[in-house]
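# below are the sequence and a predicted model; questions follow.
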Amino acid sequence: MDPELILFDEPTAGLDPVISSVIDELIISLAEKHKVTSVIVTHEMESAFRIGTHMAMLYQGKIIAQGKPEEIKKSRDPVVAQFLSGSTEGPILEGTPDAVTA
């Protein structure tokens with residue numbers, strides 16, 4: 001079997017940082033060795049920036065930013081900036097009930 005694309009859905013979710021790095025390196029190695037495109041769906045931004053050569057960020061079902069990792073890091077989009085910083089201040093939590101943010 002020689003797939004043209006491999007989808008990884010949250011491959012490092014719940015793993016410690018050391019094992020996450022090992023998994024990231026395995027994904028990179030697999031893609032290079034077999035010359036296959038990898039699509040990684042993740043909330044783990046360290047892994048995304050370590051693995052990715054092109055990224056897209058989704059918010060409310062729409063792509064709000066895409067490009068090389070360096071471009072994503074420099075995005076002026078307030079949702080992207082809040083997500084990357086991990087801040088509770090910003091548009092992502094607007095309209096969220098106080099019980100969730102308290």
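That came in fine, so what should we check first?

# for the helix ranked longest in the chain, packing partners?
In terms of residue count, the longest helix belonging to the chain (DSSP state H) is helix 17-34. Under the contact criterion of 3 or more Cβ pairs under 8 Å, 6 or more residues apart in numbering; DSSP states H and E, helix 17-34 touches strand 5-9, strand 37-41, helix 45-51. No exception for glycine: its C-beta is placed from N, CA and C like everyone else's.

# give me whichever of those is most buried.
Ranked by mean neighbour count, the helices and strands packed on helix 17-34 are led by helix 45-51 with a mean of 18 (mean count of other Cβ atoms under 10 Å).

# in a markdown table, list the helices and strands packed on helix 17-34 along with mean pLDDT.
Putting the helices and strands packed on helix 17-34 into a markdown table (pLDDT from 0 to 100) gives the following:
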| stretch | mean pLDDT |
| --- | --- |
| strand 5-9 | 96 |
| strand 37-41 | 96 |
| helix 45-51 | 95 |
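
# what's the closest of these to S20?
Between S20 and the helices and strands packed on helix 17-34, the tightest spacing by Cβ to Cβ is seen for helix 45-51, at 5.8 Å.

# then the closest one to PDB, C-alphas only?
In PDB, the C-alpha atoms belonging to helix 45-51 read as follows (Å, rounded to 0.1, in the frame of the first residue of the first chain):
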ATOM      1  CA  MET A  45       1.000  24.000  18.800                       C
ATOM      2  CA  GLU A  46       4.500  22.900  19.700                       C
ATOM      3  CA  SER A  47       4.000  19.800  17.600                       C
ATOM      4  CA  ALA A  48       2.400  21.700  14.800                       C
ATOM      5  CA  PHE A  49       5.300  24.100  14.600                       C
ATOM      6  CA  ARG A  50       7.800  21.300  14.800                       C
ATOM      7  CA  ILE A  51       6.300  19.200  12.100                       C
END
